[in-house]
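Participant: What would the 3D arrangement of this be:
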Amino acid sequence: MNPIKEIVMVKYGEIALKGENKNTFEDMLRKNIKRRLKKTGRFEYYSRQSTIYITPLEEVDMDVVVDKLKYVFGIGAIQRCAVFPKDFAAVADGAEEYLREALEDAKTFKVEAKRSDKTFPMKSPDIQQELGGVILEKFPHLGVDVHDPDVTVRLEIRDNGAYLSAKRIIGAGGMPVGSSGKALLMLSGGIDSPVAGYMMAKRGLVVDCIHYVSPPYTSERARMKVEKLCEEMTDYCGDIIFYCVPFTELQEALRDNCPEEYFTVLMRRLMVKIANKICDRDGYGAIITGESVAQVASQTLPALYCTNAAAEYPVFRPVIGMDKIEITEISRKIGTYETSILPYEDCCTVFSPKHPRTRPKMEDIIAAEQCFDFDKMVDEAIAKTEVKRFRYGAQTVLLD
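Facilitator: Numbering: from 1, shown residues only. A predicted model of the protein is given here:
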């Protein structure tokens, strides 16, 4: 018997619902997949019927290939498949060898068949019955369970061949990163903001990050923690540009000139104003935050209203209605939780008032801001901002 040829079939997620511009999303997904697999080996890519066929052109570790694909937004499901001629006898001959690893420790199975090529002489129910009989003969310890099997064996008869699989993995879902534009995430170093970035990347946004540091009140370790979060986020988001803004002088000016109870809201407005200017300069279409209603004093409705009023771009708050447990679960899933809980301070806790105003009024905030002119200091902070690019699967590169 000839060696069994194995490929990976990537099934579309939400892209399959698109209309006349579907090709644009398909091309973006294919490019993202190619970038993710670039260092894994050489592959041939072929798209048909809402599926991308990934065929190795050399020996590769298919476990690594599948693992990398699990993080690519836009993918609904991933299947490792053996490719056979469109001949049921050929499938039956190769089924035992290919399915052994998946079935030898299972107790129950079922067969699903899909006949996209209607010229194939057997109908789907007949394929399921015949293949099920072959499997029971080769693996007599198995039982059939059509409702909740340990393993589902799938056979798809398509234009280019018969594809047999027993390993189907749910993909990351969402839309391909880059298909919806790009946005700037205000990355604090806590649990919430990396989750917010992940959720907006899932909607197809390129997510870059802005972080504010206040030395000597914040340490180099605190900054390194946030940079590590950026590196971890690249698994899902791809390359990330990181803006590190010096914020000490601005915070000291707030401390020295504004009413203490308004400090946090005024600081958040300053952060948003800096983000506005970077969005305008570098072409971002929105700002992303990890704010959640009522989680802290600056996230009451009146405080959020005052903060939002400083924005010149849409502000996306994808975790706004989630509680801490829900956010933490996602943080663990995407691999940022352990870094987020490292005990290094960030600038949001510097000069934090003992009794912050939880229901600030817009007129009072505007009046407090009239006490000093921040424009020059904001421009100076942006001019001193350090920019890095965190590349997926690569070391950090300092940008000019």
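Participant: Can you pull the domain assignment for the chain?
Facilitator: Using automatic domain parsing, the domain ranges for the chain come out as 5-170, 182-398.
Participant: Among these, show me which one is buried the most.
Facilitator: Mean neighbour count (mean count of other Cβ atoms under 10 Å) peaks for domain 182-398 among those, with a mean of 18. All C-beta atoms are positioned from the backbone trio N, CA, C, and that covers glycine.
Participant: Give the helix, strand or coil label for Ile169.
Facilitator: Three-state call for Ile169 (DSSP: H, G, I helix; E, B strand; the rest coil): strand.
Participant: tell me the contacts of it?
Facilitator: Ile169 makes contact with 66, 70, 77-79 under the criterion Cβ atoms under 8 Å, 6 or more residues apart in numbering.
Participant: Which of those residues fall in strands?
Facilitator: Counting by DSSP state E, the contacts of Ile169 place 77-79 in strands.
Participant: May I see these organised as JSON lines, with pLDDT added?
Facilitator: Output for those, formatted as JSON lines (pLDDT from 0 to 100):
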{"residue": "Ala77", "pLDDT": "95"}
{"residue": "Ile78", "pLDDT": "96"}
{"residue": "Gln79", "pLDDT": "94"}
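Participant: I'd assumed Val319 was in contact with Gly290.
Facilitator: Yes: between Gly290 and Val319 there is a contact under Cβ atoms under 8 Å: 5.8 Å.
Participant: any common contacting residues for those two?
Facilitator: 192, 195-196, 327.
Participant: residue closest to the middle of this protein?
Facilitator: The C-alpha lying nearest the average C-alpha coordinate of the chain belongs to Tyr236 (Cα atoms, centre = their mean; 3.6 Å).
Participant: give the contact list for it.
Facilitator: Residues near Tyr236 by Cβ under 8 Å, 6+ apart: 71, 73, 172, 198, 201-202, 334.
Participant: These in helices, which ones?
Facilitator: Per DSSP state H, helices hold the following members of those: 198, 201, 334.
Participant: mind listing what the last one touches?
Facilitator: Shown here is Ile334, whose contacts under the criterion Cβ under 8 Å, 6+ apart are 194-195, 198, 232-233, 235-236.
Participant: Could you check the pLDDT of it?
Facilitator: For Ile334, the pLDDT comes out at 95.
Participant: Likewise for Tyr262?
Facilitator: Looking at Tyr262, its pLDDT stands at 86.
Participant: Would you double-check that it falls in a helix?
Facilitator: Yes: under three-state DSSP, Tyr262 sits within a helix.
Participant: if I look at it, how far off is Ser188?
Facilitator: Distance, Tyr262 to Ser188, by Cβ to Cβ, to the nearest Å: 20 Å.
Participant: cool, Val72 as well?
Facilitator: Distance, Val72 to Ser188, by Cβ to Cβ: 27 Å.
Participant: which intervals of the stretch 301-400 of the chain have sub-threshold pLDDT?
Facilitator: Applying pLDDT under 70 to the stretch 301-400 of the chain flags the ranges 347-351, 353-355, 394-400.
Participant: hey, where'd the strands end up in it?
Facilitator: Assigned by DSSP state E, counting those that start in this stretch, the stretch 301-400 of the chain shows strands spanning 315-316, 386-390, 397-398.
Participant: So which of the ones you listed is nearest Pro56?
Facilitator: strand 386-390 (28.5 Å; Cβ to Cβ).
Participant: Show me what the closest one is packed against.
Facilitator: Applying 3 or more Cβ pairs under 8 Å, 6 or more residues apart in numbering; DSSP states H and E, we find strand 386-390 packed against helix 220-237, strand 240-246, strand 397-398.
Participant: Please repeat the previous calculation with a cut-off of 6 Å.
Facilitator: Helices and strands touching strand 386-390, by 3 or more Cβ pairs under 6 Å, 6 or more residues apart in numbering; DSSP states H and E, are helix 220-237, strand 240-246.
Participant: any chance of the ones you listed in a markdown table, with mean pLDDT and distance to Phe43 too?
Facilitator: Converted to a markdown table, the helices and strands packed on strand 386-390 look like this (pLDDT from 0 to 100; distance: least, Cβ to Cβ, whole Å):
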| stretch | mean pLDDT | distance to Phe43 |
| --- | --- | --- |
| helix 220-237 | 93 | 20 |
| strand 240-246 | 96 | 25 |
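Participant: Can you say which of the ones you listed is nearest to Arg36?
Facilitator: Judging these by Cβ to Cβ, what sits closest to Arg36 is helix 220-237, at 9.7 Å.
Participant: shaky segments in the stretch 151-300 of the chain?
Facilitator: Ranges of the stretch 151-300 of the chain meeting pLDDT under 70: 297-298.
Participant: show me where it has strands.
Facilitator: In the stretch 151-300 of the chain, the strands defined using DSSP E, counting those that start in this stretch lie at 151-158, 161-170, 182-186, 206-213, 240-246, 287-288.
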